[in-house]
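1. here's a sequence, model it:
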Amino acid sequence: MVEDTAVRAGPEWGGDALERIGWGLEEAFRADTMPTIRRGHNLVVVAPPAPVYAAPAIAVRGAAQTPNVGTLILCPSEMVAEWTALAWQLASRRDAADPNGGDILGRDVLGARTTPRATRMLGKQVPRLLITTPETALDLSGASLLKLHQLESVVLAWPETWNATAPVADLLGELDKDTQRIIYTAAPGPLGDLIERYAWRALTVGMTEEVPPLPTLSSRLVRTVTTPAARRIETLQAALDMLDPGECAVWTATRASGDQVRAALGATTPTIQIFQEGTPSVSLVVAYDLPTPTRMAQLSGAAETLLLLVDPLAEGYLEHLSLRRAPLRLPGVLESVESEAASRRSQITETLEAGQLTGPLLVLAPLLERYDP
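-> Okay, here's the model as predicted:
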């Protein structure tokens, strides 16, 4: 699997890019967001932990012309690929990626999860947007490959999901005072100190911190299945095979994502509906992207069953909503674990029966005397 990807975009970013991918989320994530980012003011966007909600920020910052890395997007390593894929969709002109993982010069967006790869790629071309982890960004700064004081904007992607925020303080402390800070979060309360210190006077848009009363959600049972973003299509297929609904509709946040779902499931599930707006009345609605509480209530009210595909990083967001959840355990997960354990036992048995273990057993003998084998 290619770990890092990149795109080269022309100047046709901005609002047109959102229209191009059919971005269909609540207006609250667009109306005040794009003008604020264009003016260079600090911004806090309260949204579910999914990169698709940050599409306006990518579209605006991708349009900025700069000879240096203009925007640094900091996110967990698990999100780097999804952020970069979203930038790929938003770019109207792009270079085809080398299937063998080779580098392409002239790229405007670089997503890198590891320091060695980022170091090699930055040594060839300076991207307009750099998507990476806080730890890698610190390494790049220490090696003078990333000039923090020259950045025009820094995006913090759901810091509450990070394992540690210590590297962030070191990074933000080196920024120029005029560098724009954009923070995406599903829980602004716990980030109060960080926002006050590093995103002073930031405008807050999107969802409110306190989830409004949603009777539809509290009275309905919501099915959930945990899956990394990269495996959503595979998980969706497995869920439909297991539930075998008579009729089904899949909600996606963008038309581009809907096209991907349709292309993957069209042959096996010809009657599936893909939608961004409205609420089809069907027995099963699957939220391919993570919806806001308001949208979740609309989807739940329109179907007998609502199934959410949940990234592990979004578990905290759902817990905050206090949903009546019923996890869906897809077949094959437990079975594959049991099969792997049986295979290992078989290998150990064959090795023991083959003999020639005098040396290793002498090393283990003292431990077996002290501990239960």
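2. so where's the chain uncertain?
-> 1-15, 65-68, 92-107, 164-166, 208-219, 267-270, 332-341, 356-361, 372-373 (pLDDT under 70).
3. middle-most residue in it, spatially?
-> With distances taken as Cα atoms, centre = their mean, the chain has Met79 as the residue nearest its mean C-alpha position (3.8 Å).
4. ok, that residue - contacts?
-> The neighbours of Met79, taking Cβ atoms under 8 Å, 6 or more residues apart in numbering as the test, are 51, 157, 229, 313. C-beta coordinates here come from the backbone N, C-alpha and C atoms, glycine included.
5. then Ser283?
-> Taking Cβ under 8 Å, 6+ apart as the definition of contact, the neighbours of Ser283 are 245-248, 303-305.
6. got a list of what Tyr317 touches?
-> With contacts defined as Cβ under 8 Å, 6+ apart, the neighbours of Tyr317 are 48-49, 186-187, 290.
7. at 7 Å instead, please
-> Tyr317 makes contacts with 48-49, 186, as judged by Cβ atoms under 7 Å, 6 or more residues apart in numbering.
8. next: Pro49.
-> With contacts defined as Cβ under 7 Å, 6+ apart, Pro49 is in contact with 158, 161, 186, 313-314, 317.
9. verify the contact between Leu138 and Asp170 for me.
-> Yes: counting by Cβ atoms under 7 Å, Leu138 touches Asp170, with 6.1 Å between them.
10. follow-up on the earlier one: state the pair within the contacts of Pro49 that is farthest apart.
-> Farthest apart among those by Cβ to Cβ are Ala186 and Leu313. That separation is 9.9 Å.
11. when those two are compared, which one has more neighbours?
-> The residue with more neighbours, out of Ala186 and Leu313 and counting by other Cβ atoms under 10 Å, is Ala186; that gives 26 against 22.
12. which residue packs closest to that one, ignoring adjacent ones?
-> Here the nearest residue to Ala186 in space, its sequence neighbours aside, is Tyr317; by Cβ to Cβ, 6 or more residues apart in numbering that works out to 4.5 Å.
13. repeat that for Arg181.
-> Residue nearest to Arg181 in three dimensions, not counting chain neighbours: Ala199, with 4.1 Å by Cβ to Cβ, 6+ apart.
14. what's the local residue count around the one you found?
-> When counting by other Cβ under 10 Å, one arrives at 22 neighbours for Ala199.
15. likewise Glu319?
-> For Glu319, the number of neighbouring residues by other Cβ under 10 Å comes to 10.
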